[in-house]
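Student: sequence and predicted structure are below.
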Amino acid sequence: MEKKFRLLVHGGAGTILKSSMTPQLEKDYRSGLELALAAGYQILEKGGSSLLAVEASVKVLEDNPLFNAGKGAVFTHDKKHELDASIMDGKTLKAGAVAGVTNIKNPVNLAMKILRESDYVMLCGEGAEKFAAQHGVKQVESSYYFTDFRYQQLLQIIDTDKFQLDHNVKLTKVGEDNKKFGTVGAVALDMDGNLAAATSTGGLTNKRFGRIGDSPIIGAGTYANNATCAVSCTGQGETFIRNVVAYDISCLMEYKGLNLAEACRFVVNKLNQQDPECGGLIAIDKSGEICFEFNTPGMYRGLILENGISETFIYS
Ligand code: ASP
């Protein structure tokens, strides 16, 4: 019998208005997701680990300027880029995370180095960059991340105290109605039954004071445990941190015996009561069940199964 292995990716959740989506842009988003799925699939089909697969998929999305991670990341209030990422291995519960890095080409690769080659879980800022230099992780000039689209997004709100959650629809303050998220992530199950998850983001346009979201926080934006599931989130980071979303899903499965779909729905319903349209997540469990759950009108997402058949979706 064919061994089960599969991979899910996301490129952020939000109000992806059909009216502002051109056929070309939709094609570009979908092909970006397809390329990410293919990169992870290539590893999984040869019997490679889910950990390597999620790293590879997230790297492809970081390299794509359409998504708010790596190249194309949003601008901070100081016209800089501060990137966050994390990765977790469900087999060992080892994890690596970086926050607020400014010159790393692929933050997910640095998170992986931390997981593999340090005794730490999370490094931030200059220290993380020093670790990267010592471990041969590729560094870039800050101009590498620049895209005019993101710069224009910043200029629209730089003189206000508003934050903007990617993709340029509504301007928001934290806690107010907000509509777009462009973080990227992947979750996978490999042939050996191991789960892994990874997430990467530029955070929020116009963010200040070293603000860090949920994406690099193990248990909030990313979690993986072979006993339960692997989860990667996107959305209003503060809400996801407060609710420890990814770990909460795992806990409902572990302690309460819920299945993956029930656990994801329960948690997103809970979020919805606190913060409507706050985001979404992708998840997979040890038996290969998959789940896309979000309370926004859309989420860039896709999946690929062991037979090589892939699908991508944008709207709900
Ligand atoms: N969760 C990310 C953050 O709050 C944003 C996003 O998903 O786009 O930093």
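Tutor: Yep, that arrived.

Student: count residues in the vicinity of the closest residue to Arg30 other than its chain neighbours, would you?
Tutor: In this structure, Arg30 finds its nearest non-sequential neighbour in Thr312, 4.6 Å apart by CB to CB, 6 or more residues apart in numbering. To be clear about C-beta, it is placed using only N, CA and C from the backbone, and glycine gets the same treatment. Around Thr312 there are 20 other residues, counting by other CB atoms under 10 Å.

Student: distance from the chain centre to stretch 58-68, please.
Tutor: 10 Å (CA atoms, centre = their mean, to the nearest Å).

Student: one more: stretch 21-29?
Tutor: Using CA atoms, centre = their mean, the offset of stretch 21-29 from its chain centre is 21 Å.

Student: show me the strands in the stretch 1-150 of the chain, by range?
Tutor: 6-14, 83-89, 95-101, 122-124 (DSSP state E, counting those that start in this stretch).

Student: lowest average pLDDT across those strands?
Tutor: Across the strands of the stretch 1-150 of the chain, strand 6-14 has the smallest mean pLDDT, namely a mean of 95.

Student: helices or strands up against that one?
Tutor: For strand 6-14, the packing partners by 3 or more CB pairs under 8 Å, 6 or more residues apart in numbering; DSSP states H and E come out as helix 23-45, helix 50-63, strand 184-189, strand 229-235, strand 279-285, strand 290-294, strand 298-304.

Student: what's near enough to touch Met122?
Tutor: By CB atoms under 8 Å, 6 or more residues apart in numbering, the contact set of Met122 is Ser86, Gly96, Ala97, Val98, Ala99, Ile114, Pro216, Ile218.

Student: the first one bridge partners, please.
Tutor: Partner residues in beta bridges with Ser86, using DSSP bridges, are Ala97, Thr199.

Student: measure it to Val58 for me?
Tutor: Distance of Ser86 to Val58, computed by CB to CB, to the nearest Å: 10 Å.

Student: which residues are in contact with each of these two?
Tutor: By CB under 8 Å, 6+ apart, the residues touching both Ser86 and Val58 are Ala198, Thr199, Ser200.

Student: quick one: which of those residues is nearest Glu277?
Tutor: Using CB to CB, Thr199 comes nearest to Glu277 of those, at 19.5 Å.

Student: number of nearby residues for Met210?
Tutor: Not Met; residue 210 is Gly. Count around Gly210 with other CB under 10 Å applied: 11.

Student: buried set for the one helix or strand in the chain whose mean pLDDT sits lowest?
Tutor: Taking mean pLDDT, DSSP states H and E as the measure, helix 148-157 is the helix or strand of the chain with the lowest mean score, a mean of 89. In terms of neighbour count (16 or more other CB atoms under 10 Å), helix 148-157 has its buried residues at Arg150, Gln153, Leu154, Ile157.

Student: excluding chain neighbours, what is closest to the last one?
Tutor: Which is Ile157. Once flanking residues are discounted, Ile157 sits nearest to Asn206: 5.1 Å by CB to CB, 6+ apart.

Student: who in the stretch 201-316 of the chain is up against the ligand?
Tutor: Taking CB under 6 Å from any ligand atom as the contact definition, the stretch 201-316 of the chain meets the ligand at Thr201, Gly203, Leu204, Gly213, Asp214, Ser215, Thr234, Gly235, Gly237.

Student: next one: the stretch 1-150 of the chain
Tutor: Near the ligand, when you scan the stretch 1-150 of the chain using CB under 6 Å from any ligand atom, you find Gly12, Asn68.

Student: where in the stretch 1-150 of the chain is pLDDT low?
Tutor: 1, 15-16 (pLDDT under 70).

Student: what's the neighbour count on Val187?
Tutor: Using other CB under 10 Å, Val187 is surrounded by 37 other residues.

Student: could you do Ser142 as well?
Tutor: Residue neighbour count, defined by other CB under 10 Å, stands at 11 for Ser142.

Student: quick check: the gap between it and Phe67.
Tutor: 18 Å.

Student: can you pull out the helices in the stretch 101-250 of the chain?
Tutor: 107-117, 125-134, 148-157, 237-242, 245-256 (DSSP state H, counting those that start in this stretch).

Student: so which of the ones you listed comes closest to Val74?
Tutor: Of all the helices of the stretch 101-250 of the chain, it is helix 148-157 that lies closest to Val74, at 5.2 Å by CB to CB.

Student: distance of whichever residue of the stretch 1-150 of the chain sits closest to the ligand relative to Gly257?
Tutor: Per CB to the nearest ligand atom, Gly12 is where the stretch 1-150 of the chain lies closest to the ligand, at 5.1 Å. In this view, Gly12 and Gly257 are 31 Å apart by CB to CB.
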